[in-house]
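Asker: fold the following.
(chains A, B, C and D)
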There are 2 protein chains.
Amino acid sequence: MTSTPIADLWPTLPGADTRPEAAYRLLQAAVESFAERGFHATTTRDIATAAGMSPAALYIHYQSKAALLAEISRAGHAATLALVRQATAGEGGPAERMRRLVEQFTAWHARARTVGRVVNYELHALPEDAYAQVAALRLDIEREVSALIEAGVAAGEFEVSEVRTAARAVTSLGIDVSRWYTERSSETPEELGRRYGELVLRMLGARC
Amino acid sequence: MTSTPIADLWPTLPGADTRPEAAYRLLQAAVESFAERGFHATTTRDIATAAGMSPAALYIHYQSKAALLAEISRAGHAATLALVRQATAGEGGPAERMRRLVEQFTAWHARARTVGRVVNYELHALPEDAYAQVAALRLDIEREVSALIEAGVAAGEFEVSEVRTAARAVTSLGIDVSRWYTERSSETPEELGRRYGELVLRMLGARC
DNA sequence: ACGCTGACTAAGCGCTTGCTCAGCATGGTG
DNA sequence: CACCATGCTGAGCAAGCGCTTAGTCAGCGT
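Answerer: Numbers count the residues shown, from 1 in each chain, chains lettered A, B, ... in the order given. Next up, the predicted model:
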């Protein structure tokens, strides 16, 4: 029942199979700690202890505490963009694709809420170069959503006055799920996804 | 053109008129710093310097760094709840009141985005007693929104499958504005509010 | 048996943090 | 004038921070 959100993320990391298992444990511990307390309130001792090691062991696998955050953020954004691309590229018209996108985008932010929190709310703590990479990925995600809405408008399936505002609202709804969703929530990630899909289609004026 | 978001907040603070002006400057500096860097990444020296004082001066007006956060959070939540109550209590049917609520809720989170960020994203740093007070206020806000949606459904003006999920979506949209809105945004807070009001009414299935 | 390597630890360095405290200037009051 | 309360500062303390260093040890090829 309890999911391991980091598992959604790990396969997208470079060299995931060759990397020692200890690096994985450190990454998992960092995600959990950063999500719960925030980057600056998390100490390297927290992470190392949660991973069952001494503080110094962290620096064998990662250059710094910030490098850990950068790796989580990069991989998390890459995974999200991949999810968005997969959903929008599938079969069906704009409305059908939008429903699928919102369902999966929302469910991911509920299921992988710890990763989602780090990805969306710890951007300011990223080193400059990592931030630049991540900002580019975020732009790509928003562009995908905007393009899909525009396609829907062109096909006469959506009716929207401002595409950019609508795109903001769609992504915003999904992202904010990682803030408020807890494992005590009454809805499963998939249920929530389906309901949000319905709400978004109505928001976009999809012909009923 | 540039707003001073803290001004929206200050009047709701207890003893605002009797309190020395230095306390106000410290509070303003704290809001700005907490919003930009987060609570834990902000030092007492940051706050004091921004207020034009030495670090020690902070402790004449506030018991601790956390007490500053608590005061900001309490006042910010109280102001938000007051805004919500004022909007929902006005004249008009559920749809009209919901439009007004979303317009004002959204515009506030754009205009007072610095306060909004502290209020919504630094909850975990609150001392336990302050957190309890603030959690109660947050529950009240959500209850107001839920009640308004239920009233709309009862009046036949809304059509919603799950009231709680819809309420979550409505508040979520507004709250997340404080995360992404910047003063470089192309829309004014009021424009954004109007557009979001439109989107939310559609989302709730308001009869057109 | 041997030396080497790579994962790891115990100890701790240099620095920053939240916060304290003795003392100073100011201005209202007798 | 003396007196004191108020608002503030300069200096600095104890604790905790990110990170480094020297060294241990199991597993490996030869």
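Asker: what about the closest residue to residue A:119 other than its chain neighbours, distance to residue A:133?
Answerer: Sequence neighbours aside, residue A:76 is the residue nearest to residue A:119 in space, at 3.9 Å (criterion: CB to CB, 6 or more residues apart in numbering or on different chains). Placement of C-beta: from N, CA and C, glycine included. To residue A:133, residue A:76 is 12 Å away according to CB to CB, to the nearest Å.
Asker: who has more neighbours, those two?
Answerer: Using other CB atoms under 10 Å in any protein chain shown as the criterion, residue A:76 and residue A:133 rank with residue A:76 on top: 26 against 15.
Asker: helices or strands up against the biggest helix by length in chain A?
Answerer: Taking DSSP state H as the criterion, chain A has its longest helix at helix A:128-154. Here helix A:128-154 touches helix A:65-89, helix A:94-111, helix A:163-180, going by 3 or more CB pairs under 8 Å, 6 or more residues apart in numbering or on different chains; DSSP states H and E.
Asker: flag the helix or strand of chain A with the lowest per-element mean pLDDT.
Answerer: helix A:6-9 (a mean of 66; mean pLDDT, DSSP states H and E).
Asker: interface residues of chain A facing DNA strand C?
Answerer: Taking CB under 7 Å from any atom of the strand, the part of chain A that reaches DNA strand C is made up of A:20, A:22, A:48, A:52, A:53, A:54, A:55, A:56, A:57, A:60, A:61.
Asker: buried among those residues? Need that as a selection in PyMOL.
Answerer: In PyMOL, this line selects whichever of the residues of chain A next to DNA strand C come out buried by 16 or more other CB atoms under 10 Å in any protein chain shown:
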select buried, chain A and resi 48+53+57+61
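Asker: can you name the two of the residues of chain A next to DNA strand C that are farthest apart?
Answerer: A:20 and A:55 (17.5 Å; CB to CB).
Asker: mind listing what's buried in stretch A:106-115?
Answerer: For stretch A:106-115, a neighbour-count test (16+ other CB under 10 Å) marks A:106, A:107, A:108, A:109, A:110, A:111, A:112, A:113, A:114, A:115 as buried.
Asker: can you check stretch A:87-104 too?
Answerer: A:87, A:88, A:94, A:95, A:97, A:98, A:99, A:100, A:101, A:102, A:103, A:104.
Asker: columns distance to residue B:83 and pLDDT on top of the residues you listed, output as a markdown table?
Answerer: Converted to a markdown table, the buried residues of stretch A:87-104 look like this (distance: CB to CB, whole Å; pLDDT from 0 to 100):
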| residue | distance to residue B:83 | pLDDT |
| --- | --- | --- |
| A:87 | 36 | 95 |
| A:88 | 37 | 95 |
| A:94 | 36 | 96 |
| A:95 | 35 | 97 |
| A:97 | 37 | 97 |
| A:98 | 32 | 98 |
| A:99 | 33 | 97 |
| A:100 | 36 | 97 |
| A:101 | 33 | 98 |
| A:102 | 29 | 98 |
| A:103 | 33 | 98 |
| A:104 | 34 | 97 |
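Asker: pull the number of nearby residues for the closest residue to residue A:145 other than its chain neighbours.
Answerer: Once flanking residues are discounted, residue A:145 sits nearest to residue A:167: 4.6 Å by CB to CB, 6+ apart. Neighbour count of residue A:167, defined by other CB under 10 Å: 22.
Asker: give the contact list for residue A:167.
Answerer: Contact analysis of residue A:167 by CB atoms under 8 Å, 6 or more residues apart in numbering or on different chains lists A:142, A:145, A:146, A:149.
Asker: kindly reformat those residues as JSON lines containing neighbour count and pLDDT.
Answerer: As requested, the contacts of residue A:167 are exported to JSON lines (neighbours: other CB atoms under 10 Å in any protein chain shown; pLDDT from 0 to 100):
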{"residue": "A:142", "neighbour count": "16", "pLDDT": "97"}
{"residue": "A:145", "neighbour count": "25", "pLDDT": "98"}
{"residue": "A:146", "neighbour count": "17", "pLDDT": "98"}
{"residue": "A:149", "neighbour count": "22", "pLDDT": "98"}
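Asker: pLDDT wise, what is residue A:18 at?
Answerer: For residue A:18, the model assigns a pLDDT of 56.
Asker: picking that back up, out of the residues of chain A next to DNA strand C, list just those in helices.
Answerer: Within the residues of chain A next to DNA strand C, residues falling in helices by DSSP H are A:22, A:48, A:60, A:61.
Asker: with the residues you listed in mind, which one is nearest to residue B:174?
Answerer: residue A:48 (39.3 Å).
Asker: tell me the pLDDT at the nearest residue to that closest one once chain neighbours are set aside?
Answerer: Leaving out its chain neighbours, the residue that sits closest to residue A:48 by CB to CB, 6+ apart is residue A:55, at 4.6 Å. Per-residue confidence (pLDDT) for residue A:55: 91.
Asker: what sits against residue A:55?
Answerer: A:44, A:45, A:48.
Asker: check contacts around residue A:88.
Answerer: Applying CB under 8 Å, 6+ apart, the residues near residue A:88 are A:97, A:101, A:144, A:147, A:148.
Asker: let me fix that, I meant to ask about residue A:48.
Answerer: Remark: with contacts taken as CB under 8 Å, 6+ apart, residue A:48 is in contact with A:26, A:29, A:54, A:55, A:56, A:57, A:58.
Asker: try 7 Å this time
Answerer: With contacts defined as CB atoms under 7 Å, 6 or more residues apart in numbering or on different chains, residue A:48 is in contact with A:54, A:55, A:57, A:58.
Asker: so which of these comes closest to DNA strand D?
Answerer: Taking CB to the nearest atom of the strand as the measure, DNA strand D lies nearest residue A:55 of the contacts of residue A:48, at 4.2 Å.
Asker: excluding chain neighbours, give the residue nearest to residue A:178 in space.
Answerer: Using CB to CB, 6+ apart and skipping residues adjacent in sequence, the residue nearest residue A:178 is residue A:116, 3.0 Å away.
Asker: okay, and for chain A, where does confidence drop off?
Answerer: Where chain A drops to pLDDT under 70, the residues are A:1-19, A:208.
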